[in-house]
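> give the three-dimensional model of this entry:
(one chain, ligands or ions: 3)
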Amino acid sequence: MFSLNGSTFLNNSLCGVSKSLTQSAQRKISAPPTTVVASVSSNGRSGDRNVGVLMESTLKEMNENATSSSSASQITVIEKDTKSTVGGGVEDVYGEDSATEDQYITPWTVTVASGYPLLRDPHYNKGLAFTEKERDAHFLRGLLPPVVISQALQVKKMMHNMRQYQVPLQRYMAMMDLQERNERLFYKLLIENVEELLPVVYTPTVGEACQKYGSIFRQPQGLFISLKEKGRILEVLKNWPEKKIQVIVVTDGERILGLGDLGCQGMGIPVGKLSLYSALGGIRPSACLPVTIDVGTNNEQLLNDEFYIGLRRRRATGQEYSELLDEFMSAVKQNYGEKVLVQFEDFANHNAFDLLAKYGTSHLVFNDDIQGTASVVLAGLMASLNLVGGTLAEHTFLFLGAGEAGTGIAELIALEISKQTSVPVEEARKKIWLVDSKGLIVNSRFESLQHFKRPWAHEHEPVTTLLEAVKTIKPTVLIGSSGAGRTFTKEVVEAMSSFNEKPVILALSNPTSQSECTAEEAYTWSEGRAIFASGSPFSPAEYNGKFYASGQANNAYIFPGFGLGLIISGAIRVHEDMLLAASEALAEQVSQENLDKGLIYPPFSNIRYISAQIAARVAAKAYELGLATRLPQPENLVAYAESCMYSPNYRNYR
Ligand SMILES: NC(=O)C1=CN([C@@H]2O[C@H](COP(=O)(O)OP(=O)(O)OC[C@H]3O[C@@H](n4cnc5c(N)ncnc54)[C@H](OP(=O)(O)O)[C@@H]3O)[C@@H](O)[C@H]2O)C=CC1
Ligand SMILES: CC(=O)C(=O)O
Ligand SMILES: [Mg+2]
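Ligands and ions are numbered 1, 2, ... in the order given. Next comes the predicted model:
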């Protein structure tokens, strides 16, 4: 924070300044040499080095165009300074559309360019919602049609338009366009229509978007760090316009959902995950940084695709790979400090476990596929006990898929059983069985197993098929984490239903095409008795004249609230007890009404409230474990979490 000409500026607001003025320079619309320019160049922070460079050229352009100034002003965005203590990292709640600016008495202001560049700045643009006063004050007259509409009407209109698109990818592109045009409207739309829009910005549509990312790419939405940037990653991080980053979601694109290696086009995943961080967990959008590490791809189709946007080479491995990751992780810590959360997403399992182990002791890291998925599935299983009875320890679990998701979930279940029953975790693991592409994981395969599978190699005869494993193990819970679609066949579901009154069947694999079975198949083949949830959403399925709704067992329930909990407590490390705490918090949100419908997850429509509960529980655990640095601990963590959440409501500009 620094002061200039009697105003106080938020450091990160400078990004808005430079962006707007740069745009104005590009468009040859000059802004006046106002205090904004001086304020940027007066800031000596190294993080703003690139801002200074940009400002120099902007100044030059401005001088050249000094006589053509029409958008000659800056605007002041009114902000309240209620949460600046949390590392400046969470945004306060602003007033409703109708609120008058005089309602806010504030010591904080953000200054950005006005006029035409304001309409082109997604962080501040309000489109037709600019009021008459704002249009006069900020040189917008004539740049907009006469009508002034509320944000609520804008939402209504956008949803109407969105529903005209029949093709999911068109909806995805319309949402991305909106995000690039008017960020607050994008989040308002997403938050208020979360159940309808989640499948658009997230699974399943984001999968197709990644597959076609080269063709639909329009604007950079995150940072691309390729082998070409080796030795210069810190420099690359400084190119990102926002300086106050709290959450990074990073992928190397090698295991995008269940679609395999999509290389650089995996960028859609960090972008999608981070939009959920803001919409579902209330993390300020400008504090989120999507990153794709491009070390090549082994996907022949992409390598031969003329529109492919990544490095046209096969994947780097070994030292070449680990040196790039090392440099990235060091640069992140150096640039953003030790409290920035790095979420690893959709790495292949031969890197994912090692990266988590390697950086887990030195950085605040979280692997969504291993840990977030484990937490969400454990929550669903806890809730399902209300329907099927018994304790966790009394059930038998069988997984199809023994990778990140499968072994991550298995381990958290074992940990919870161990805590509940005081048996050693090795003992608790004995009720959990996994099948991989070679069959049941058994002792005789031990030597050839990857390290993360070894704890699951139990004493048993070799079994090669899932059906045989189901018939032999007789699980009460069947979990699909294989990425292989339609592998829960009629015979498998019927076998599960033959010895379970209510078989619990979770088909976690994404996107929909990779789901181990559909909702309709699960209910039909189990004669309506299955307790079913899936990674990607299914519409209610009809069986025998009755409709069955199913829940979405997806880590999207966990990571936004989990991340918020880490941020509000200033946590410096992730601990497995935090994952258990998040599971408990989520399971408690499953109401009797949900259970009566066979649902083991609450509806996403309530997700912000749920995220606050999760955040509070995670933060409380961070304090209990001595991993929190934000002191003193807030008295009411739920209220605190809620109050910290980003609001997409428009702000008033004076
Ligand atoms: N719902 C959610 O929130 C989440 C869902 N997922 C989904 O889970 C799936 C798997 O992800 P992840 O665990 O990271 O992937 P991994 O690649 O780490 O693991 C996949 C596992 O499935 C096994 N497998 C693949 N095909 C078959 C088959 N036909 N029969 C039996 N086993 C098979 C593999 O066997 P082998 O080891 O022998 O190769 C491997 O053990 C993906 O579709 C992903 O989208 C992931 C995270 C969260
Ligand atoms: C949901 C998720 O993280 C995945 O499918 O990889
Ligand atoms: Mg994932």
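> list the contacts of the closest residue to ligand 1 within the stretch 301-450 of the chain.
Each residue of the stretch 301-450 of the chain has a distance to ligand 1, by C-beta to the nearest ligand atom, and the smallest belongs to G403, at 1.9 Å. For the C-beta atoms, the positions are set from N, CA and C on the backbone; glycine is no exception. Residues in contact with G403, defined by C-beta atoms under 8 Å, 6 or more residues apart in numbering, are N349, D436, F452, S481, G483.
> roughly how far apart are it and F353?
The spacing between G403 and F353, counted by C-beta to C-beta, to the nearest Å, is 9 Å.
> same check, this time on L564
Using C-beta to C-beta, one obtains 26 Å as the distance from L564 to F353.
> same drill for these two, tell me which one is more crowded.
Just comparing L564 and F353: by other C-beta atoms under 10 Å the higher neighbour count belongs to L564, 32 against 19.
> looks to me like the more buried one is in a strand.
No: L564: not assigned to a strand; according to DSSP: H, G, I helix; E, B strand; the rest coil it is helix.
> pretty sure it sits against I610.
No: look at L564 against I610 with C-beta atoms under 8 Å: they stay out of range, at 11.1 Å.
> can you give me the neighbour number for L440?
Residues lying near L440 (other C-beta under 10 Å) number 25.
> go on, I558?
Counted with other C-beta under 10 Å, residues neighbouring I558 total 31.
> what about the closest residue to R181 other than its chain neighbours, which SS state?
Counting by C-beta to C-beta, 6 or more residues apart in numbering, R181 lies nearest to P122, which is 5.7 Å off, once chain neighbours are set aside. When classified by three-state DSSP, P122 comes out as coil.
> tell me how far P122 lies from ligand 1.
Distance of P122 to ligand 1, computed by C-beta to the nearest ligand atom, to the nearest Å: 29 Å.
> who touches that residue in this structure?
The neighbourhood of P122, defined by C-beta under 8 Å, 6+ apart, consists of Q179, E180, R181, N182, E183.
> near ligand 1, which residues of the protein are found?
For the chain, the residues found near ligand 1 under the criterion C-beta under 6 Å from any ligand atom are 255, 257-258, 349, 369, 373, 376, 400-406, 435-438, 481-484, 487, 508-510, 514, 535, 553-555.
> now a PyMOL select for only the buried ones of those.
In PyMOL, this line selects whichever of the residues of the chain next to ligand 1 come out buried by 16 or more other C-beta atoms under 10 Å:
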select buried, resi 255+257+258+349+369+373+376+400+401+402+403+404+405+406+435+436+481+482+483+484+487+508+509+510+514+535+553+554+555
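> among the residues of the chain next to ligand 1, which lie within strands?
When DSSP state E is applied, the residues of the chain next to ligand 1 are split such that L400, V435, D436 fall in strands.
> let's have these in a markdown table, adding distance to ligand 2 and pLDDT.
Converted to a markdown table, these look like this (distance: C-beta to the nearest ligand atom, whole Å; pLDDT from 0 to 100):
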| residue | distance to ligand 2 | pLDDT |
| --- | --- | --- |
| L400 | 15 | 99 |
| V435 | 19 | 99 |
| D436 | 17 | 98 |
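> from these, pick the one nearest G528.
For these, the closest approach to G528 (C-beta to C-beta) belongs to L400, at 22.6 Å.
> hang on, isn't that closest one packed against F488?
Yes: L400 is in contact with F488 according to C-beta under 8 Å; the separation is 7.4 Å.
> what sits in contact with each of the two?
If you check L400 and F488 against C-beta under 8 Å, 6+ apart, the residues they both contact are L466, L478, G480, E516.
> in strands only, show me those.
Using DSSP E, the members of those that fall in strands are L478, G480.
> so I293 sits in a helix?
No: in this structure, I293 is strand, not part of a helix, as judged by three-state DSSP.
> what's across from it in the sheet?
I225 (DSSP bridges).
> OK, contacts around it?
When contacts are counted by C-beta under 8 Å, 6+ apart, I293 touches I225, S226, V250, T251, D252, G253, L324, L325, F328.
> then L140?
Applying C-beta under 8 Å, 6+ apart, we find L140 in contact with S114, G115, L118, L119, F130, E134.
> closest one of these to ligand 1?
Of all the contacts of L140, the one with the least separation from ligand 1 (C-beta to the nearest ligand atom) is L119, at 38.3 Å.
> surely the closest one touches L128?
No: under the criterion of C-beta under 8 Å, L119 makes no contact with L128, lying 10.5 Å away.
> what mean pLDDT does the helix or strand that Y609 is a member of get?
Secondary-structure element containing Y609, defined by DSSP states H and E: helix 607-624. For helix 607-624, mean pLDDT rounds to 98.
> may I have that helix exported as PDB, CA atoms only?
Extracted in PDB, the C-alpha atoms of helix 607-624 (Å, rounded to 0.1, in the frame of the first residue of the first chain):
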ATOM      1  CA  ILE A 607     -22.500 -24.200  -2.400                       C
ATOM      2  CA  ARG A 608     -21.300 -20.800  -1.000                       C
ATOM      3  CA  TYR A 609     -22.800 -21.500   2.300                       C
ATOM      4  CA  ILE A 610     -21.300 -25.000   2.200                       C
ATOM      5  CA  SER A 611     -17.900 -23.700   1.200                       C
ATOM      6  CA  ALA A 612     -18.000 -21.300   4.300                       C
ATOM      7  CA  GLN A 613     -18.600 -24.400   6.500                       C
ATOM      8  CA  ILE A 614     -15.800 -26.300   4.900                       C
ATOM      9  CA  ALA A 615     -13.500 -23.300   5.100                       C
ATOM     10  CA  ALA A 616     -14.200 -22.700   8.800                       C
ATOM     11  CA  ARG A 617     -13.500 -26.400   9.600                       C
ATOM     12  CA  VAL A 618     -10.300 -26.400   7.600                       C
ATOM     13  CA  ALA A 619      -9.100 -23.100   9.200                       C
ATOM     14  CA  ALA A 620     -10.000 -24.400  12.700                       C
ATOM     15  CA  LYS A 621      -7.800 -27.500  12.000                       C
ATOM     16  CA  ALA A 622      -5.000 -25.300  10.800                       C
ATOM     17  CA  TYR A 623      -5.100 -23.300  14.100                       C
ATOM     18  CA  GLU A 624      -5.300 -26.600  16.100                       C
END
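> which parts of that helix are buried?
Under the neighbour-count criterion of 16+ other C-beta under 10 Å, helix 607-624 has 607-608, 610-623 buried.
> equivalent analysis for stretch 494-507, please.
Residues of stretch 494-507 classed as buried by neighbour count (16+ other C-beta under 10 Å): A495, M496, S497, N500, K502, P503, V504, I505, L506, A507.
> equivalent analysis for stretch 235-245, please.
Buried positions in stretch 235-245, judged by neighbour count with 16+ other C-beta under 10 Å: V236, L237, K238, W240, P241, E242, K243, K244, I245.
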